[in-house]
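In: Here's a sequence, model it:
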Amino acid sequence: MGDKKQRKVRNYLIDRRFQLKYTGMVLLVTVSVASGLGYMAYRFSQGQTEALTAQIMAQPDLGADTANDLEQFAQQEDRKIRNAILAGVLLLTFALGLTGIIVTHRVVGPAYRMRRLFEHVGDGKFEVTTGIRKGDELQELYHSFAEMVESLRDQRAEEIEQLEETLIKMESAGVQSAYITELRAVLERIRKTVD
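Out: This next block holds a predicted model:
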């Protein structure tokens, strides 16, 4: 039932508005929380640097060059922490953005297929011609829909059989009418929906 086609990147955005909206919401929350935590970690690092600077100032026997080297080292470590936090937030944003697109694709893909099947059934064609991929979401909903279509198809086939029997009885009874011809034409149109 599933497709074996190779996916292209642009095919992952089936419903851009929906997928980008929900991926954007996840990213906004993630960036906000990660930025807040990163800011707290950076402020802690700066506090440690300030404490080290205060300790250096409190030691008069420490040489000026050594004190300056220690201060520069602490500030360099602060910059490394800040850059690591920024890189981590950017990497997390990219990873979650990609994951969001893939996850929403697994929902939107089946929804797109089902929408096409609704149109197909709406046109009077009671058949499910396609399936959804194995890893997609909405499997149960899709299978319930397919079962409903099969049930409608069976009901329609039963009704066609009953109409056919009734028309045969009418013709056997000698009823000659333009209405029978008209009913036979309608019956053939209905029969095409289940064939």
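
In: any idea how far G97 is from G109?
Out: With distances defined as C-beta to C-beta, to the nearest Å, the gap from G97 to G109 amounts to 18 Å. Where you see a C-beta, it was placed from the backbone N, CA and C, and this is true even at glycine.

In: Comparing these two, which residue is more hemmed in?
Out: More neighbours surround G109 than the other of G97 and G109, with 22 against 16 (other C-beta atoms under 10 Å).

In: need the contact list for the more buried one.
Out: G109 makes contact with I14, I132, R133, D136, according to C-beta atoms under 8 Å, 6 or more residues apart in numbering.

In: and the residue lying closest to R82 once chain neighbours are set aside, what is it in contact with?
Out: Spatial nearest neighbour of R82, chain neighbours left out: Y42 (5.3 Å); criterion: C-beta to C-beta, 6 or more residues apart in numbering. When contacts are counted by C-beta under 8 Å, 6+ apart, Y42 is found next to D78, I81, R82, I85.

In: closest to M114 among those residues?
Out: Within the set of those, I85 lies nearest M114; the separation is 43.1 Å, counting by C-beta to C-beta.

In: on that earlier part again, just send the contacts of G109 back as CSV, with pLDDT and secondary structure too.
Out: Shown next, in CSV, are these (pLDDT from 0 to 100; DSSP: H, G, I helix; E, B strand; the rest coil):
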residue, pLDDT, secondary structure
I14, 78, coil
I132, 77, coil
R133, 78, coil
D136, 80, coil
